[in-house]
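Curious how this folds, go ahead:
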Amino acid sequence: MKKLIVLITALSAINTFALADGDMEPIATPSAVAVSDNNGLYLGLAYGRGKLREDYNAVENGGYNVYNEIQKINYDNIMLQAGYKFNKYLSFEGRYWKSFGDNGWSYTESGYTAGVPYSNSASGFNGDNMKAWGIYVKPMYPITKKTDIYALLGYGNITLNDNDNGNWLDENRFQWGIGASYAFEKNFSLFLDYVRLVDKDYSNHIGVQIGGSQYNWNDTLYTLNVGLTYRF
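Numbering: from 1, shown residues only. Sure, this is the predicted structure:
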(Lines give C-alpha, C1' and ligand atoms only; values in the text may rest on other atoms or scores of the structure.)
Protein backbone atom coordinates (compact mmCIF):
# COMPACT_ATOMS: atom_id res chain seq x y z
CA MET A 1 0.00 0.00 0.00
CA LYS A 2 2.84 2.36 0.86
CA LYS A 3 4.53 1.53 -2.46
CA LEU A 4 1.30 2.46 -4.34
CA ILE A 5 1.07 5.78 -2.52
CA VAL A 6 4.69 6.56 -3.32
CA LEU A 7 4.16 5.66 -7.02
CA ILE A 8 1.09 7.89 -7.34
CA THR A 9 2.93 10.77 -5.67
CA ALA A 10 5.89 10.34 -7.98
CA LEU A 11 3.73 10.30 -11.13
CA SER A 12 1.92 13.43 -9.98
CA ALA A 13 5.20 15.22 -9.43
CA ILE A 14 6.49 14.23 -12.88
CA ASN A 15 3.29 15.46 -14.57
CA THR A 16 3.43 18.80 -12.72
CA PHE A 17 7.06 19.30 -13.64
CA ALA A 18 6.43 18.49 -17.32
CA LEU A 19 3.54 20.92 -17.61
CA ALA A 20 5.52 23.65 -15.89
CA ASP A 21 8.44 23.07 -18.24
CA GLY A 22 6.18 23.43 -21.33
CA ASP A 23 7.13 20.06 -22.80
CA MET A 24 3.66 18.62 -22.42
CA GLU A 25 0.23 20.01 -23.35
CA PRO A 26 -3.13 19.03 -21.93
CA ILE A 27 -5.24 16.78 -24.15
CA ALA A 28 -8.09 18.65 -25.85
CA THR A 29 -11.53 17.81 -24.58
CA PRO A 30 -14.40 17.22 -27.03
CA SER A 31 -15.81 20.67 -26.24
CA ALA A 32 -12.62 22.29 -27.50
CA VAL A 33 -12.89 20.73 -30.96
CA ALA A 34 -14.07 23.24 -33.60
CA VAL A 35 -17.48 22.56 -35.11
CA SER A 36 -17.71 22.68 -38.93
CA ASP A 37 -19.95 25.43 -40.33
CA ASN A 38 -20.49 23.52 -43.62
CA ASN A 39 -18.64 26.19 -45.57
CA GLY A 40 -17.49 25.52 -49.12
CA LEU A 41 -18.82 24.47 -52.52
CA TYR A 42 -22.41 23.30 -53.01
CA LEU A 43 -24.54 22.13 -55.95
CA GLY A 44 -28.32 21.88 -56.28
CA LEU A 45 -31.18 20.75 -58.48
CA ALA A 46 -34.74 22.11 -58.32
CA TYR A 47 -38.14 22.22 -59.97
CA GLY A 48 -39.24 25.75 -60.79
CA ARG A 49 -42.73 27.01 -61.56
CA GLY A 50 -42.46 30.21 -63.56
CA LYS A 51 -45.27 32.64 -64.30
CA LEU A 52 -45.31 35.52 -66.77
CA ARG A 53 -47.96 38.25 -66.74
CA GLU A 54 -48.12 40.83 -69.52
CA ASP A 55 -50.46 43.80 -69.18
CA TYR A 56 -51.12 45.98 -72.24
CA ASN A 57 -53.40 48.97 -72.64
CA ALA A 58 -53.91 51.51 -75.38
CA VAL A 59 -56.06 54.58 -75.80
CA GLU A 60 -56.45 55.90 -79.36
CA ASN A 61 -58.08 59.02 -80.75
CA GLY A 62 -58.96 60.45 -77.39
CA GLY A 63 -60.66 57.28 -76.13
CA TYR A 64 -62.50 56.33 -79.34
CA ASN A 65 -60.56 53.02 -79.30
CA VAL A 66 -59.53 51.45 -75.99
CA TYR A 67 -57.66 48.15 -75.66
CA ASN A 68 -56.93 46.24 -72.43
CA GLU A 69 -55.15 42.91 -72.75
CA ILE A 70 -53.70 40.45 -70.20
CA GLN A 71 -51.57 37.47 -71.18
CA LYS A 72 -50.39 34.82 -68.71
CA ILE A 73 -47.97 31.96 -69.37
CA ASN A 74 -46.93 29.24 -66.91
CA TYR A 75 -43.56 27.52 -67.25
CA ASP A 76 -42.34 24.22 -65.82
CA ASN A 77 -38.58 24.54 -65.32
CA ILE A 78 -35.54 22.58 -64.27
CA MET A 79 -33.18 24.77 -62.25
CA LEU A 80 -29.46 24.07 -61.72
CA GLN A 81 -27.66 25.71 -58.82
CA ALA A 82 -23.97 26.12 -57.93
CA GLY A 83 -22.48 28.24 -55.19
CA TYR A 84 -19.85 28.78 -52.54
CA LYS A 85 -20.62 29.38 -48.87
CA PHE A 86 -18.05 31.66 -47.25
CA ASN A 87 -19.55 31.55 -43.77
CA LYS A 88 -22.95 31.13 -42.14
CA TYR A 89 -24.00 34.62 -43.21
CA LEU A 90 -22.88 34.85 -46.85
CA SER A 91 -22.77 32.79 -50.06
CA PHE A 92 -22.17 33.51 -53.74
CA GLU A 93 -24.45 31.59 -56.12
CA GLY A 94 -25.24 31.02 -59.80
CA ARG A 95 -28.48 29.58 -61.25
CA TYR A 96 -29.77 28.40 -64.63
CA TRP A 97 -33.41 27.69 -65.59
CA LYS A 98 -34.73 25.82 -68.64
CA SER A 99 -38.41 25.15 -69.33
CA PHE A 100 -39.77 21.80 -70.45
CA GLY A 101 -43.08 20.28 -71.57
CA ASP A 102 -46.26 22.00 -72.78
CA ASN A 103 -46.51 25.35 -71.06
CA GLY A 104 -50.04 26.64 -70.48
CA TRP A 105 -51.18 30.11 -71.47
CA SER A 106 -54.28 32.27 -71.15
CA TYR A 107 -55.36 35.49 -72.82
CA THR A 108 -58.11 38.00 -72.12
CA GLU A 109 -58.96 41.29 -73.79
CA SER A 110 -61.64 43.94 -73.49
CA GLY A 111 -62.30 47.54 -74.49
CA TYR A 112 -63.93 49.60 -77.22
CA THR A 113 -63.49 49.58 -80.98
CA ALA A 114 -65.05 52.55 -82.74
CA GLY A 115 -66.97 53.15 -79.54
CA VAL A 116 -68.41 49.61 -79.48
CA PRO A 117 -67.49 47.46 -76.44
CA TYR A 118 -65.91 44.06 -76.98
CA SER A 119 -64.32 41.24 -74.94
CA ASN A 120 -62.55 38.00 -75.74
CA SER A 121 -60.58 35.25 -74.00
CA ALA A 122 -58.65 32.09 -74.88
CA SER A 123 -56.37 29.52 -73.26
CA GLY A 124 -54.34 26.49 -74.19
CA PHE A 125 -50.93 24.81 -74.05
CA ASN A 126 -47.68 24.78 -76.05
CA GLY A 127 -46.80 28.24 -74.81
CA ASP A 128 -43.42 29.98 -74.99
CA ASN A 129 -40.09 28.48 -74.00
CA MET A 130 -38.11 30.04 -71.17
CA LYS A 131 -34.39 30.20 -70.43
CA ALA A 132 -32.81 32.24 -67.66
CA TRP A 133 -29.63 32.60 -65.66
CA GLY A 134 -28.51 34.73 -62.75
CA ILE A 135 -25.50 35.39 -60.50
CA TYR A 136 -26.32 36.38 -56.93
CA VAL A 137 -24.93 37.55 -53.63
CA LYS A 138 -26.78 35.47 -51.03
CA PRO A 139 -26.94 36.97 -47.50
CA MET A 140 -28.25 34.44 -44.97
CA TYR A 141 -29.38 34.31 -41.38
CA PRO A 142 -29.57 31.05 -39.34
CA ILE A 143 -32.79 31.00 -37.31
CA THR A 144 -32.03 27.49 -35.93
CA LYS A 145 -29.08 25.09 -36.21
CA LYS A 146 -30.67 23.54 -39.30
CA THR A 147 -32.78 26.34 -40.81
CA ASP A 148 -31.59 29.42 -42.71
CA ILE A 149 -33.52 32.26 -44.29
CA TYR A 150 -31.86 34.13 -47.15
CA ALA A 151 -32.11 36.71 -49.90
CA LEU A 152 -30.82 36.66 -53.48
CA LEU A 153 -29.53 39.91 -55.00
CA GLY A 154 -27.95 39.81 -58.43
CA TYR A 155 -27.96 40.21 -62.18
CA GLY A 156 -29.02 37.90 -65.00
CA ASN A 157 -30.78 37.26 -68.29
CA ILE A 158 -34.26 36.01 -69.18
CA THR A 159 -35.16 34.83 -72.70
CA LEU A 160 -38.68 33.92 -73.88
CA ASN A 161 -39.35 32.60 -77.36
CA ASP A 162 -41.94 30.82 -79.50
CA ASN A 163 -41.99 29.16 -82.92
CA ASP A 164 -43.67 32.12 -84.61
CA ASN A 165 -41.74 35.10 -83.26
CA GLY A 166 -38.41 33.72 -82.10
CA ASN A 167 -36.95 35.50 -79.06
CA TRP A 168 -39.69 38.02 -78.33
CA LEU A 169 -38.23 38.91 -74.92
CA ASP A 170 -34.50 39.00 -74.15
CA GLU A 171 -33.66 41.02 -71.04
CA ASN A 172 -30.49 41.54 -68.95
CA ARG A 173 -31.41 43.09 -65.64
CA PHE A 174 -31.38 43.10 -61.83
CA GLN A 175 -33.00 40.08 -60.16
CA TRP A 176 -33.92 39.38 -56.54
CA GLY A 177 -35.42 36.65 -54.39
CA ILE A 178 -36.16 35.38 -50.88
CA GLY A 179 -36.18 31.85 -49.48
CA ALA A 180 -35.43 29.34 -46.73
CA SER A 181 -33.42 26.13 -46.46
CA TYR A 182 -33.47 23.18 -44.04
CA ALA A 183 -30.48 20.86 -43.48
CA PHE A 184 -31.97 17.41 -42.86
CA GLU A 185 -28.59 15.64 -43.20
CA LYS A 186 -24.95 16.68 -42.79
CA ASN A 187 -24.49 17.41 -46.50
CA PHE A 188 -28.08 17.68 -47.79
CA SER A 189 -30.55 20.57 -47.56
CA LEU A 190 -34.03 21.25 -48.88
CA PHE A 191 -34.83 24.77 -50.05
CA LEU A 192 -37.83 26.79 -51.17
CA ASP A 193 -37.59 30.26 -52.68
CA TYR A 194 -39.18 32.96 -54.83
CA VAL A 195 -37.14 34.76 -57.49
CA ARG A 196 -38.34 37.79 -59.47
CA LEU A 197 -36.64 37.64 -62.86
CA VAL A 198 -38.39 40.49 -64.72
CA ASP A 199 -40.39 43.52 -63.60
CA LYS A 200 -40.39 46.06 -66.39
CA ASP A 201 -42.71 48.93 -67.21
CA TYR A 202 -42.40 49.55 -70.93
CA SER A 203 -44.38 52.76 -70.73
CA ASN A 204 -41.19 54.49 -69.64
CA HIS A 205 -39.43 53.44 -72.83
CA ILE A 206 -41.96 52.67 -75.57
CA GLY A 207 -45.13 54.48 -74.53
CA VAL A 208 -45.89 57.23 -77.10
CA GLN A 209 -48.49 59.89 -77.60
CA ILE A 210 -49.35 60.60 -81.25
CA GLY A 211 -52.61 62.27 -82.23
CA GLY A 212 -54.11 61.69 -78.78
CA SER A 213 -53.06 58.01 -78.63
CA GLN A 214 -51.04 56.30 -75.90
CA TYR A 215 -49.65 52.75 -75.60
CA ASN A 216 -48.27 51.09 -72.46
CA TRP A 217 -47.45 47.60 -71.24
CA ASN A 218 -45.75 45.90 -68.32
CA ASP A 219 -44.04 42.49 -67.98
CA THR A 220 -43.51 40.62 -64.72
CA LEU A 221 -41.99 37.15 -64.43
CA TYR A 222 -41.22 35.18 -61.30
CA THR A 223 -40.39 31.59 -60.46
CA LEU A 224 -41.10 29.48 -57.35
CA ASN A 225 -38.40 26.86 -56.77
CA VAL A 226 -38.21 23.78 -54.56
CA GLY A 227 -35.05 21.71 -54.60
CA LEU A 228 -32.22 19.77 -53.01
CA THR A 229 -28.70 21.02 -52.31
CA TYR A 230 -25.58 18.90 -51.73
CA ARG A 231 -22.70 20.53 -49.83
CA PHE A 232 -19.19 19.17 -50.38
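
could you give me the average pLDDT of stretch 49-64?
Here stretch 49-64 scores 86 as its mean pLDDT.

mind checking how far that stretch is from the chain centre?
28 Å (Cα atoms, centre = their mean, to the nearest Å).

Over to stretch 123-135?
Chain-centre distance of stretch 123-135: 16 Å, with Cα atoms, centre = their mean.

who does Ala151 bridge with?
Ile178 (DSSP bridges).

List the contacts of the residue positioned nearest the centre of the chain.
Using Cα atoms, centre = their mean, the residue of the chain that lies closest to the mean C-alpha position is Val195, 4.6 Å off. Contacts for Val195 (Cβ atoms under 8 Å, 6 or more residues apart in numbering) come out as Arg95, Gly134, Leu152, Gln175, Trp176, Gly177, Tyr222, Thr223, Asn225. In this view, the C-beta of every residue, glycine as well, is placed from N, C-alpha and C.

any chance of the residues you listed in a markdown table, with distance to Asn38, neighbour count and pLDDT too?
What follows is these, written out as a markdown table (distance: Cβ to Cβ, whole Å; neighbours: other Cβ atoms under 10 Å; pLDDT from 0 to 100):
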| residue | distance to Asn38 | neighbour count | pLDDT |
| --- | --- | --- | --- |
| Arg95 | 20 | 26 | 98 |
| Gly134 | 23 | 23 | 98 |
| Leu152 | 19 | 22 | 98 |
| Gln175 | 26 | 26 | 97 |
| Trp176 | 25 | 15 | 97 |
| Gly177 | 21 | 22 | 98 |
| Tyr222 | 29 | 18 | 96 |
| Thr223 | 26 | 26 | 97 |
| Asn225 | 21 | 22 | 98 |
